[in-house]
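Undergrad: A predicted structure for the sequence below; I have some questions about it.
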Amino acid sequence: MKTYYMDPRSGSCRRVSTVIGTLDIEVEEIFVDLLQGGNRTSEFLKVNPNAMVPVLKDGETVLWEASAIMIYLCEQHGPTELWPEGEPRYDVMKWMFWAGEHFRISAPIYFEENVIAPLMGKQPDSTRLAEAERRIDRFAPILEAELETRDFICGPAPTLADLDLAAVVSQMPRSRVPYDKFPNMVKWVTRLEDKIPAWKHTGAELDRKMTESLNAARAQTAAE
């Protein structure tokens, strides 16, 4: 059986968990508590020296990155519309690479500065937030324009590219990433939840568990 190292509060893990749920893949889940440093233990660092989740182990195969894991699972358990065959696959790959190189970079900064920093008694870094917003204003309009004429980024059905791109909204509204000023993106996110039940389920689980964790952290801070 495949072993899946994950934290359900992670947007990257949400992408992989959605594929696992959609394709009904049996895995052994190992919870890695990111908020308690579970990703920095010597045991976990042997699995992924980058100290990040998700990680998938399948026999001798060990994969670190969410996009690579999603592709691997689709190829092992497909065929599936999430990972189309032939020429359309290259369009999916284009948007997946674009998401990693340009689009997903800003969202974690908002989470770190607007959620994590206050928990640690720090003020958000306005310089980092300004740079993150600059990148959003540079790249989000590209996605917004593409979604003007299509339901999903590569056509009429969602693919891995949609999951890679939509992962950035996983921590909204708590992180206050300003994607709500792009109406086509807002409607696209709703369509994705309606079309892929596992995406909606993992989003609800992420939100519930993150809310519980943040409330517990705030209560502990107040008691100290």
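TA: Thanks, I have the structure now.

Undergrad: hey, where'd the helices end up in this structure?
TA: Secondary structure of the chain (DSSP state H): helices at 11-22, 42-47, 66-77, 88-98, 106-111, 117-119, 126-146, 160-166, 183-195, 197-223.

Undergrad: Does anything pack onto the shortest one? Which helices or strands?
TA: Contact analysis of helix 117-119 by 3 or more CB pairs under 8 Å, 6 or more residues apart in numbering; DSSP states H and E lists helix 197-223 as its packing neighbours. Glycine gets a C-beta too; all of them are placed from N, C-alpha and C.

Undergrad: Contacts for the helix or strand bottoming out on mean pLDDT in the chain, please.
TA: One helix or strand of the chain scores below all others by mean pLDDT, DSSP states H and E: helix 117-119, with a mean of 89. Here helix 117-119 makes contact (CB atoms under 8 Å, 6 or more residues apart in numbering) with 123-125, 214, 217-218, 221.

Undergrad: between these, which is nearest residue 102?
TA: Distance to residue 102 across the contacts of helix 117-119 (CB to CB) is lowest for residue 125, with 21.1 Å.

Undergrad: Skipping its backbone neighbours, what lies nearest that closest one in space?
TA: In this structure, residue 125 finds its nearest non-sequential neighbour in residue 113, 5.4 Å apart by CB to CB, 6 or more residues apart in numbering.

Undergrad: Now do the contacts for the closest residue to residue 73 other than its chain neighbours.
TA: Excluding its sequence neighbours, the residue lying closest to residue 73 (CB to CB, 6+ apart) is residue 19, at 5.1 Å. Residues in contact with residue 19 (CB under 8 Å, 6+ apart) are 25, 69-70, 73-74, 82, 160, 163, 198.

Undergrad: before we move on, the earlier item: who wins for proximity to residue 3 among the helices of the chain?
TA: With CB to CB as the criterion, residue 3 lies closest to helix 42-47 of those, at 8.9 Å.

Undergrad: pull the CA atoms of the closest one into CSV?
TA: Extracted in CSV, the C-alpha atoms of helix 42-47 (Å, rounded to 0.1, in the frame of the first residue of the first chain):
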residue,chain,number,x,y,z
SER,A,42,15.0,13.5,12.1
GLU,A,43,12.6,10.7,11.1
PHE,A,44,10.7,12.8,8.6
LEU,A,45,13.8,14.5,7.2
LYS,A,46,15.0,11.1,6.1
VAL,A,47,11.8,10.9,4.0
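
Undergrad: So for stretch 50-57, what gets flagged as buried?
TA: 52-57 (16 or more other CB atoms under 10 Å).

Undergrad: can you tell me the average pLDDT over it?
TA: Summarised as a single mean, pLDDT over stretch 50-57 is 99.

Undergrad: end to end, how far does it reach?
TA: 15 Å (CA to CA, to the nearest Å).

Undergrad: Give me the residues contacting it.
TA: Under the criterion CB under 8 Å, 6+ apart, residues 2-7, 10, 12-13, 16, 27, 32, 34, 39-40, 44-45, 47-48, 62-64, 66, 69, 72-73 lie in contact with stretch 50-57.

Undergrad: Which of the contacts of helix 117-119 are buried? Put it as a PyMOL command.
TA: A single PyMOL command is used to select the members of these judged buried by 16+ other CB under 10 Å:
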select buried, resi 124+214
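
Undergrad: Now the contacts of helix 117-119 in CSV, please, with extra columns for pLDDT and distance to residue 134.
TA: Below are these laid out as CSV (pLDDT from 0 to 100; distance: CB to CB, whole Å):
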residue, pLDDT, distance to residue 134
123, 95, 20
124, 95, 16
125, 97, 14
214, 91, 27
217, 86, 30
218, 86, 30
221, 76, 32
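
Undergrad: That'll do, ta.
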